[in-house]
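Peer 1: with the sequence up front, the predicted model follows.
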Amino acid sequence: MTLQLLGISHHSASIDERERLAIPPAGLEAALRLLAAERGVREGLILSTCNRVEVVAHTDDGQNGDQGPALDLRHWLARATGLDAAPDVSLFYQLRGDEVARHLFRVASSLDSVVVGEPQILGQLKHAYAQAQAVGLVGAELDALLPRAFHAAKRVRAETGIAAHPVSVSQAAVDLARQIFGDLSHKTVLLIGTGAMGSIAARYLLRQGAARLLVTNRTFTSAQALAAKHHGEAFPLEQLRERGENADVIIACTGSPHPLITKADASHFLARRRGRPMLFLDLAVPRDVEPSVHQLENAFVYNVDDLDRVVRSNLDERAQEAVAAEVIIEAELRQYAERRQARDLAPTLAALQARAEAMRVAEWARVRGRLGPLTQEQEQAAEALTRSLMQKWLHQPMVQLKLAQLEAGAADRDALLQLVRRLFDL
């Protein structure tokens, strides 16, 4: 039996290639059933996201060398996605045995993601596991592997700061707002312009507790549509000087060739706010907020470059935390491997002991008839002697078998177990 993985991801292929091989949620059950019908597949799981498509399978050993089963999975993926021919093998990575476990532990812990530390992939992998269970494609192997990967991911999040630092402009905006205001629950956000980056930042602030959204734009109908979408309030851009003071956070992202908020405007807002601070997030190029605004007391101004520097710094911090996360992964992999080896070895050891005990009992029964009457003490002594001899004879082979299991790779462990079963006819 072989555990293997065939995958394509942002590491190995362009988005165009990944799109061709993506399996939509509506088609996942059918793809899993197609995988279950594949010759030699005992268990399986499919993970399909915007950044990766991976199929994990527990299969019978192939007959065409090391690449046999993996290449079969590549042809399966072509059928599952409706392609006429199997995609170019160079787009894929193919893993086996212990490599599969290490990869899934790293994926679950978001160490293999585009943005290290992002939380979505763990939920996506759990969902893939649940869907495979629902179609009956999960057995002992994946039931031991996946929960251990989830446990490793939980440890990584709990014991490192890998997810503690915002690594998108929108997240950085929320982080800055919290640093300035603390609690966002009573704060008002003013969005100037309806560009994508500004809209996402405003949505993040609302999700994190901001109480109110105001929207203004040169095209008033666009402002109204966006405000309605988020239960906010729109007003014409011409009213910005009169209404800007109501905002605790101003996000500006228009295409205006000139600043929409001058130092005089900001001074006017702050004077009417009686010293309450304002955060200006200028996401526009050219800038919507005059740079000199930062000279005003209680005015905090960040432009795109400032936010990019925050993001890059946070990415560096996540990279440092990833080193600690890798140490946790290795420790979890050792525990998983030890449990797996013990689980694989236990039936063979039990069968070996049972075979030896059966031989002992049969031989004692054969010899017992020749000995004539024996006292109870003699019977017990003979039983104890034969059982002791059997156990002493088994002890060293069983110890060496356990040690060999710990030291061998996955393929060697399987070969070793098969040899022991043949030698003792188990």
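Peer 2: Received the coordinates, thanks.

Peer 1: just give the nearest non-adjacent residue to residue 148, would you?
Peer 2: In this structure, residue 148 finds its nearest non-sequential neighbour in residue 336, 4.6 Å apart by C-beta to C-beta, 6 or more residues apart in numbering. All C-beta atoms are positioned from the backbone trio N, CA, C, and that covers glycine.

Peer 1: which strands or helices does whichever helix or strand that neighbour is part of pack on?
Peer 2: Assigned by DSSP states H and E, residue 336 belongs to helix 304-368. If you count contacts as 3 or more C-beta pairs under 8 Å, 6 or more residues apart in numbering; DSSP states H and E, helix 304-368 packs onto helix 98-108, helix 140-159, helix 169-181, helix 376-407, helix 410-423.

Peer 1: helix 169-181 and that one, what's the angle between them?
Peer 2: Per axes from the mean of the first three to the mean of the last three C-alpha atoms, to 10 degrees, the angle that helix 304-368 makes with helix 169-181 is 110 degrees.

Peer 1: angle of helix 304-368 against helix 376-407?
Peer 2: Compare the direction of helix 304-368 with that of helix 376-407 by the same axes, to 10 degrees and you get 150 degrees.

Peer 1: what mean pLDDT does helix 304-368 get?
Peer 2: Averaged across helix 304-368, the pLDDT comes to 84.

Peer 1: run the chain-centre distance for it.
Peer 2: Relative to its chain's centre, helix 304-368 lies at 19 Å (C-alpha atoms, centre = their mean, to the nearest Å).

Peer 1: now swap in stretch 248-256 and tell me
Peer 2: Distance, centroid of stretch 248-256 to centroid of chain: 35 Å (C-alpha atoms, centre = their mean).

Peer 1: what do you get for stretch 179-197?
Peer 2: Taking C-alpha atoms, centre = their mean, the mean C-alpha location of stretch 179-197 is offset from the chain mean by 30 Å.

Peer 1: same check on stretch 261-281?
Peer 2: The mean C-alpha position of stretch 261-281 is separated from the chain mean by 43 Å, C-alpha atoms, centre = their mean.

Peer 1: cool, and stretch 139-148?
Peer 2: 16 Å.

Peer 1: and the residue nearest to residue 253 when sequence neighbours are not counted, which helix or strand is it part of?
Peer 2: Nearest residue to residue 253, sequence neighbours excluded (C-beta to C-beta, 6+ apart): residue 198, at 3.2 Å. Counting by DSSP H and E, the element that carries residue 198 is helix 196-207.

Peer 1: rewinding a little: show me the contacts for the residue nearest to residue 253.
Peer 2: Contacts for residue 198 were tallied using C-beta atoms under 8 Å, 6 or more residues apart in numbering; they are 191, 192, 251, 252, 253, 281, 283.

Peer 1: same thing but at 7 Å, please
Peer 2: Contact analysis of residue 198 by C-beta atoms under 7 Å, 6 or more residues apart in numbering lists 191, 251, 253, 283.

Peer 1: show the end-to-end separation of stretch 251-268, please.
Peer 2: Distance between the boundary residues of stretch 251-268 (C-alpha to C-alpha, to the nearest Å) amounts to 18 Å.
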